[in-house]
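# Generate a structure from the sequence data that follows.
(one chain, ligands or ions: 1)
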Amino acid sequence: MARPILIAPSVLPADFSRLGEEVAALEAAGVDLIQWDVMDGQFVPNLTFGPDVIASARAHTTLPFEAHLMVLNPDLMAQRYVEAGCQRLILHAETCTHLHRSLARVNEIGATAAVALNPATPASAIAHVLDLVDLVLVMTVNPGFGGQAYISTMEPKITEVRRMLDEAGLSDTVDLEVDGGISPSTIGAATAAGANLLIAGSALYRDPLGLEHAVSELRTLANEARAASATT
Ligand code: DX5
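Okay, the predicted model is just below:
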């Protein structure tokens, strides 16, 4: 049975002065987990959440936390993000000299490991680490900021990763996540290409009908796209 459609927020657009209330509101709106976009100002030209900031929000929701580590040296602070309450750590293939060892270590320190691919990085970069992860993230923007345009030329890569997971017998246990420019107008194509976990930031917060409507609409559109692609 393929993994279900999951909708998760990036909290980048949230009000950082009220993060506890913001994650509680996201849980009430029906998201499946919370993604923290961790940026170090080195790997990407932006700086966001340290482990203590994430820890401050932990008690305000029962949802799983995943840390998307857009940082040059994820090994350095991986343990800190686990201690802050993250159940999953997403490492970028581009930042790990020894990606296999870094992912294996995440699994040893009490979180599940996941791997992310920037737009220019081929799917083949993760061909030999799929057994170590419970999620593959295909970026559909160049990381660093929310509100960017969805890069539709990533769809063949999404489909290639889906095929890799299928061929490895992992599509029942490993999520295929897409992050960047996900909105009502792009979620269908990303899902039809093979994604099942969709990250949205600005699309959630700009919905005039509120977070719950935005989450519900994205989930409905993704499930409709999955159903339509299953019949073709
Ligand atoms: C990029 C960030 C964004 C964010 C989602 O580094 O990872 O992709 O999560 O932002 P939106 O949904 O506004 O593109």
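
# State the number of residues packed around the nearest residue to His60 once chain neighbours are set aside.
Residue nearest to His60 in three dimensions, not counting chain neighbours: Gly20, with 3.8 Å by CB to CB, 6 or more residues apart in numbering. Any C-beta I mention is one placed from the backbone N, CA and C, and that applies to glycine too. Around Gly20 there are 13 other residues, counting by other CB atoms under 10 Å.

# and Gly20, which of the three is it?
Here Gly20 is recorded as helix under DSSP: H, G, I helix; E, B strand; the rest coil.

# any idea how far it is from the ligand?
20 Å (CB to the nearest ligand atom, to the nearest Å).

# Let me see the contact set for Ile126.
Ala93, Leu99, Val115, Leu117, Val133, Val136, Val161, Met164 (CB atoms under 8 Å, 6 or more residues apart in numbering).

# Now flag whichever of those residues is closest to Ala29.
Using CB to CB, Val136 is the member of these that lies nearest Ala29, at 25.6 Å.

# quick one: that closest one is in a strand?
Yes. The assignment for Val136 by three-state DSSP puts it in a strand.

# Share the number of residues neighbouring Leu132, please.
20.

# Could you double-check that it lies in contact with Thr112?
No. Between Leu132 and Thr112 there is no contact under CB atoms under 8 Å: 9.5 Å.

# those helices in the chain, which residues are they?
19-28, 51-58, 74-83, 99-108, 155-167, 187-193, 202-205, 211-230 (DSSP state H).

# With mean pLDDT added, can I get the ones you listed in a markdown table?
Formatted as a markdown table, these follow (pLDDT from 0 to 100):
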| stretch | mean pLDDT |
| --- | --- |
| helix 19-28 | 98 |
| helix 51-58 | 98 |
| helix 74-83 | 97 |
| helix 99-108 | 98 |
| helix 155-167 | 98 |
| helix 187-193 | 98 |
| helix 202-205 | 97 |
| helix 211-230 | 97 |
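
# can those go into TSV with extra columns for distance to Ala2?
Output for these, formatted as TSV (distance: least, CB to CB, whole Å):
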stretch	distance to Ala2
helix 19-28	25
helix 51-58	30
helix 74-83	28
helix 99-108	23
helix 155-167	9
helix 187-193	11
helix 202-205	24
helix 211-230	8
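
# got the residues of this structure near the ligand?
Residues of the chain lying near the ligand by CB under 6 Å from any ligand atom: 10, 12, 37, 68, 70, 141, 143-148, 179-182, 199-203.

# Next step: those restricted to strands.
Asp37, His68, Met70, Asp179, Ile199, Ala200 (DSSP state E).

# buried subset of the residues you listed?
Buried by 16 or more other CB atoms under 10 Å: Asp37, His68, Met70, Asp179, Ile199, Ala200, out of those.

# hang on, the earlier thing: pick the one among the contacts of Ile126 closest to Val53.
Nearest to Val53 among the contacts of Ile126: Val115, at 23.7 Å, using CB to CB.

# burial of the closest one, as a residue count?
23.

# hmm, back to that, ok, so of the contacts of Ile126, who is nearest Val106?
When the contacts of Ile126 are compared against Val106 (criterion: CB to CB), the nearest one is Val133, at 9.0 Å.
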